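Enquirer: Just need the structure, nothing else, for what follows:
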Amino acid sequence: MIVVLTDRQLLILEAIIRNYTEIGQPIGSKALQEQLPIHVSSATIRNEMAVLEHQGYITKEHSSSGRVPSLKGYRYYVDNIVKPAKLDKQSLKSIRNSFGNEFLKVDEIVATSAKILSDLTSYTAIMLKPDSTDLRLEGFRMVPIGHQQVMVILVASDGTVESQIFNIPPEISGDELEAVMRLINDQVVGLPLNQVITKLHATLPLLTRYLQQPAGFLDVFGNVLDKAVKEQVYVSGRMNLLNFAHDNNVEQLKSLYSLVNQVPNISNLVDNDKGISVRFGDELTNKLLLDYSLISATYDDGHNRQGLIAILGPTNMPYAKMIGLLGAFRKELTARLIDYYQNFGNFN
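Expert: Residues are numbered from 1 along each chain as shown. Below is the predicted model:
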């Protein structure tokens, strides 16, 4: 059953949430009376609070007469009431200045973004790189480094550079390595990354002219490609999460820190829906995060590829401010990525 709150109930719920996000304390009817934009008696406010409590939108904390929002109340607020706050000019300027450095690859931009967002919010910031399935192989080199070893270097069309050291048999000459490098460049440079290995396997008969065991080389090549196309997650401000833990149990704090220190755990938390979404503790499928909320948003890299940006903080975070900040931040990040591609010409 869908419950529709009256205008007065909406104002009271909003005021209770605003008060709790600002000072973290329950609020009573008399204090609410002073905060509401309409004139109403404290008795009427108490009656409306009783209705909201009965419907599960607010709850009484301990023996206090004041009320605090419930998760249901936060959900209703985010879905029906909240209006993103407009970012002030100084904060916007600060974001743009933070992106002022020259970056050599997309990874640096995304990693820096996590740091900027964590600094701005004092929360834990999570960034997922844009999907890499349509990237192309921009360049390939093999650099001898001595002791019968070469470094295999791959450059993707977004500027990503990956490398791995490969052992070569002593009988392979420098000329043969050059021939292998020319052959691979001719066959696979310019192809989508997800087609490179298939194409190389088709050229095995040609590679055997120069390499006695080309399969081992292709394994190394595949490992480097995997690093280039895998989902990459960047997290900044991990320790901030501990600032909002209600339980000082050492083992629980360790588990909480471990949670945000492992990439699979973090990437499973975020919501890949388009736009901006808010998920609360009971929706995050981890009992360690019952007192936390996660706001996430997709961002575009200017080439129809999307990444994801999120902040993980306490349930009583100021949602209007944080949603507004995230909306402005993703626009600046997209602008920075577009500028990167235009300046470096890495995307084909």
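Enquirer: where does the stretch 201-348 of the chain have low pLDDT?
Expert: Within the stretch 201-348 of the chain, the segments meeting pLDDT under 70 span 209-217, 224, 227-231, 247-250, 252, 260-274, 344-348.
Enquirer: if we go to 80?
Expert: 201, 203-232, 245-275, 285-286, 302-305, 341-348 (pLDDT under 80).
Enquirer: how about the helices of the stretch 51-200 of the chain, start to end?
Expert: Residue ranges of the helices in the stretch 51-200 of the chain, as given by DSSP state H, counting those that start in this stretch, are 71-76, 89-98, 106-121, 174-188, 193-202.
Enquirer: what separates the lengthiest helix in the chain from the chain centre, distance-wise?
Expert: Using DSSP state H to assign secondary structure, the helix with the most residues in the chain is helix 319-344. Relative to its parent chain, helix 319-344 has a centroid offset of 13 Å by C-alpha atoms, centre = their mean, to the nearest Å.
Enquirer: residue closest to the middle of the chain?
Expert: When C-alpha atoms, centre = their mean is applied to the chain, the residue found nearest the centroid is Met127 (2.7 Å).
Enquirer: That one contacts Ala114, doesn't it?
Expert: Yes: counting by C-beta atoms under 8 Å, Met127 sits close enough to Ala114 to count as a contact (4.4 Å). (Each C-beta comes from the backbone N, C-alpha and C, glycine too.)
Enquirer: tell me, what's touching those two both at once?
Expert: 234-235 (C-beta atoms under 8 Å, 6 or more residues apart in numbering).
Enquirer: The closest residue to Met322 other than its chain neighbours: how many residues sit nearby?
Expert: Nearest residue to Met322 in three dimensions, chain neighbours excluded: Ile295, at 5.5 Å (C-beta to C-beta, 6 or more residues apart in numbering). Applying other C-beta atoms under 10 Å, we find 24 residues neighbouring Ile295.
Enquirer: What's opposite Asn167 in the beta bridge?
Expert: Listed by DSSP bridges, the beta-bridge partners for Asn167 are Gln149.
Enquirer: what's the distance between it and Gln148?
Expert: Using C-beta to C-beta, to the nearest Å, we find Asn167 at a distance of 6 Å from Gln148.
Enquirer: Then Leu71?
Expert: The spacing between Leu71 and Gln148, counted by C-beta to C-beta, is 61 Å.
Enquirer: which one of those two has more residues nearby?
Expert: Relative neighbour count places Leu71 above the other of Leu71 and Gln148, with 17 against 13, counting by other C-beta under 10 Å.
Enquirer: can you pull the buried residues of the helix or strand where Glu34 lies?
Expert: With elements delineated by DSSP states H and E, Glu34 resides in helix 29-35, which encompasses its position. Of the residues in helix 29-35, those scored as buried under the neighbour-count criterion (16 or more other C-beta atoms under 10 Å) are 29, 31-33.
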